[in-house]
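next come a sequence and a model predicted from it.
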Amino acid sequence: MAERILNTMTEPDPLLFQLKDSLQEFDFDRCLELARSLESKVDDMDGRLLIATAYIEVGLPADALKILTDLDSLGSSAPGSDEELIRILQHRLSEARFLTGDPQGALVLSLSLDPADELESADREFFLGLCRDHMGDSETADEHFKRATELDPTGNPAVPVISADEAHELIAHVLEELPDPIRKQMEEVPVILENLPELILIQESRGQISPDTLGLYFGDGMPNRHLGGFSSSEGMPTASSIRIYRRNLERMSRDAKDLVEQVRITLLHEIGHHLGLDEDDVSNMGLA
């Protein structure tokens, strides 16, 4: 979609080219800077779609949702609109709804879009599975994931599974292996295994807590950006705790061996936050 800016916009802002390059280079700090600068300047649908895409990629889906909802209300009357861009808009809008805690809205919109080919059908099946899972229907979700694998086994390999009992045993083993001083600090910090993050956390964070997050730490040792400024009255736990999200860990793992490792890494990552480490410290310790 970004390449269209080179071909279809009459006088594109030069910063749009920089934004496109920053997205391709995964330079998300630069993406955010450019998106903020361009948002009030660009009217064409393709440019605004690029800005919305940047917001999604940097973890600000609520900002993307506002742009996409405004474009959707304009429809074919939006400057530079055409059928292809409207189709892209609908896909982005579905993604933004999901990322901001509206899996049902995302599901309904995704079902209204006809896949272009078998690979897109596979991707849609996987996305429908994500939506169903966050709607609390894991059985139907697994049926979608299975169909995605049948349609595209390379792009959507079979999801490995770890039972709740196995995950609890693994968590206990990781905690037992901690150095004594750290293990002592963890004695009052419950590690809670859940399938998925609660929708209210995603919604109240405006999508900064992703539906796909693997784990979260709640407590005084957690950097402010993890809490998103929410208080206990808004549904956030106040006592220190770690949440590990089993279904998300299954989906991001290549196989059963990798799944075990990802559970371990995620738990250690959140323990790092309890110890007061920020994201860079955690990464430097190999716990990212």
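Okay, I see it.

how many neighbours does residue 273 have?
Residue 273 has 24 neighbouring residues, counting by other C-beta atoms under 10 Å. All C-beta spots, glycine's among them, are computed from the backbone N, C-alpha and C.

could you find the closest non-adjacent residue to it?
Counting by C-beta to C-beta, 6 or more residues apart in numbering, residue 273 lies nearest to residue 217, which is 4.0 Å off, once chain neighbours are set aside.

quick check, residue 262 in contact with residue 246.
No. Using C-beta atoms under 8 Å as the test, residue 262 is too far from residue 246 to be in contact (10.6 Å).

tell me if the residue nearest to residue 273 really is in a strand.
Yes. The assignment for residue 217 is a strand, going by DSSP: H, G, I helix; E, B strand; the rest coil.

what segments of the stretch 51-200 of the chain are helices?
61-74, 83-99, 103-111, 118-134, 138-151, 164-176, 180-185, 199-204 (DSSP state H, counting those that start in this stretch).

worst average pLDDT in the ones you listed?
Across the helices of the stretch 51-200 of the chain, helix 180-185 has the smallest mean pLDDT, namely a mean of 86.

contact partners of that helix?
With C-beta atoms under 8 Å, 6 or more residues apart in numbering as the test, helix 180-185 has contacts from 175, 176, 271, 274, 275.

now render the helices of the stretch 51-200 of the chain as a markdown table, adding mean neighbour count and distance to residue 15.
Output for the helices of the stretch 51-200 of the chain, formatted as a markdown table (neighbours: other C-beta atoms under 10 Å; distance: least, C-beta to C-beta, whole Å):
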| stretch | mean neighbour count | distance to residue 15 |
| --- | --- | --- |
| helix 61-74 | 19 | 16 |
| helix 83-99 | 20 | 20 |
| helix 103-111 | 19 | 30 |
| helix 118-134 | 20 | 30 |
| helix 138-151 | 17 | 37 |
| helix 164-176 | 14 | 46 |
| helix 180-185 | 12 | 46 |
| helix 199-204 | 18 | 31 |
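
any weak-confidence spans in the stretch 151-288 of the chain?
Low-confidence segments of the stretch 151-288 of the chain, defined by pLDDT under 70: 220-238, 278-288.

how about the strands of it, start to end?
With strands called from DSSP state E, counting those that start in this stretch, the stretch 151-288 of the chain shows them at 191-194, 215-218, 241-245.
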